[in-house]
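Novice: What follows is a predicted protein model with its sequence.
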Amino acid sequence: MSDFKTLIAKMTKAACNGDGKGAAACFTSTGTYHDCFYGAFKGKAIINMVENFFHRDAENFIWDVHDPVDNGKVGYARYVFSYNSKLPDAYGKRVVFEGVSVCRLSEGLIDDYREVADSVTGLYQLGFSDQRLTKLIKREVKTLRSRRESAHHIEH
């Protein structure tokens, strides 16, 4: 694969177009995509995530990547993401939120993709109840606190 800027652009374009194989081709064979809404998908399961989760629940995606940088081992890119919901309680609502993609790289491909996303703002725009938003926030807190790099912050 080529440089990180091209790689992240190819992956996001494929995801927006419902091209699961194209998105998965940007990952190593054991690469993992940690989605802020749907959870983790590894290897060929990324195809299923794009085709049967993203495009089941939304359409008309726009995923603009800004300021991608990398050091050969890790790539970061700020993004603004939007879509129209296909969820029954929010059908047609346009949602926009922002975040940062964090990509562990291996041999020019993504080995681990995760996001620091302002996803609660997107779900709020869909009209999710306070209870559902709280559930997501609790999950995000648990994930953050369980990461290795958070340990000394918690122990302090």
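Specialist: Received the coordinates, thanks. Because the structure is predicted, anything quoted here is derived from the model rather than measured.
Novice: who does the longest helix seen in the chain touch, helix- and strand-wise?
Specialist: If you go by DSSP state H, the chain has its longest helix at helix 130-146. Taking 3 or more CB pairs under 8 Å, 6 or more residues apart in numbering; DSSP states H and E as contact, the helices and strands that helix 130-146 lies on are helix 119-125. Backbone N, C-alpha and C define where each C-beta goes, glycine included.
Novice: quick one on the thing from earlier: immediately after the longest helix of the chain, which helix or strand?
Specialist: In the C-terminal direction, the helix or strand that comes right after helix 130-146 (DSSP states H and E) is helix 151-155.
Novice: Not counting its neighbours along the chain, what's nearest the residue nearest the centre of the chain?
Specialist: Geometric centre of the chain, nearest residue: D35, 4.2 Å, by CA atoms, centre = their mean. For D35, ignoring the flanking residues on the chain, the nearest one in space by CB to CB, 6 or more residues apart in numbering is M49 at 6.5 Å.
Novice: mind checking how far that neighbour is from R145?
Specialist: 25 Å (CB to CB, to the nearest Å).
Novice: Between those two, which is the more surrounded one?
Specialist: M49 (21 against 11; other CB atoms under 10 Å).
Novice: which residues touch the more buried one?
Specialist: Residues near M49 by CB atoms under 8 Å, 6 or more residues apart in numbering: 20, 33, 35, 38, 41.
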